[in-house]
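> For reference, the sequence and a predicted model appear below.
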Amino acid sequence: MLGPNKNNLFPLVNYKRLCFLKNIIKNPNILVGDYTYYDDFENVENFEKNVKYHFDFIGDKLIIGKFCMIASGATFIMNGANHLTNAITTYPFAIFGNGWENAMEGKSYPHKGNINIGNDVWIGYNATIMAGVTIGDGAIVAANATVIKDVAPYSIVGGNPASEIKKRFSEDTISKLLVLNWWNWDIEKITKNIQNLTDMDINKLFQ
């Protein structure tokens, strides 16, 4: 056995609230790696509903790596939510037309870029990730956190706005893990090393 089939929508028998996420995504601007799962209290179809203000004409992307764990209620706020902040008012006159359509002539709304989620990232219940944020490999985002800035690899963040609580490992170990990139191994090697991947002795992974 080499683990669950990455192409199965529901990898757990008789359980329809956890899916391998890439298999339900319809939006071409949401990119998800193998084995990343989403667990929803109600319906896994809620995931794309929780990617907010994601308008085709803007073209920004939500990019999620491999082996990530995303809990129910996780929300991603894309660039379509942005209003002017370097103006007297933030009100979006132009969208209403009727004589207001030229309000944004020569101007543009802020664009903070894609949301990039690394590999082996755990995003807790009801967390919110804002446009332009990069979350590094191996990071943990606590339940109810609101992430407005980048999260370093293998760090734990929580709060609103989210701040670093601690590093998961020493800087030396983090450097080694980022070189290791175990999520890019073939599934045979991952399966052979699952006991070591769920342990704390990184040296065993270099044997």
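Now that the structure is in, tell me what you want to look at. Residues are numbered from 1 along each chain as shown.

> can we go C-alpha only for contacts and neighbour counts from here?
OK.

> Bridged to the residue nearest the centre of the chain, which residues?
Centre of the chain computed as the mean C-alpha position; nearest residue by C-alpha atoms, centre = their mean is residue 117, 4.0 Å away. With DSSP bridges applied, residue 117 shows beta-bridge pairing to residue 64, residue 135.

> Could you pull up the contacting residues of it?
Under the criterion of C-alpha atoms under 8 Å, 6 or more residues apart in numbering, the contact partners of residue 117 comprise 62-65, 134-137.

> Could you tell me the per-residue confidence at it?
Here, the pLDDT recorded for residue 117 equals 98.

> next one: residue 7
Predicted confidence (pLDDT) at residue 7: the value is 96.

> ok, back up a step: will you turn the contacts of residue 117 into TSV that also has distance to residue 206 and neighbour count?
Formatted as TSV, the entries for the contacts of residue 117 read as follows, by distance: C-alpha to C-alpha, whole Å; neighbours: other C-alpha atoms under 10 Å:
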residue	distance to residue 206	neighbour count
62	32	23
63	29	16
64	26	24
65	22	20
134	28	23
135	25	26
136	22	21
137	19	25
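
> Just the buried positions in the strand or helix carrying residue 165, please.
For residue 165, the element it lies in under DSSP states H and E is strand 163-167. Judged by neighbour count using 16 or more other C-alpha atoms under 10 Å, the buried positions of strand 163-167 are 163, 167.

> which neighbours does it have in its sheet, and in what orientation?
According to DSSP bridges, the neighbouring strands of strand 163-167, each with its direction, are strand 155-158 (antiparallel).

> picking that back up, what's the offset of the strand holding residue 165 from the middle of its chain?
In this view, strand 163-167 has its centroid 18 Å away from the chain centroid, taken as C-alpha atoms, centre = their mean, to the nearest Å.

> need the next SSE after it, C-terminal direction.
Along the chain past strand 163-167, the next helix or strand (assigned with DSSP H and E) turns out to be helix 171-180.

> could you give me the average pLDDT of that next one?
Confidence over helix 171-180 (mean pLDDT, whole number) is 96.
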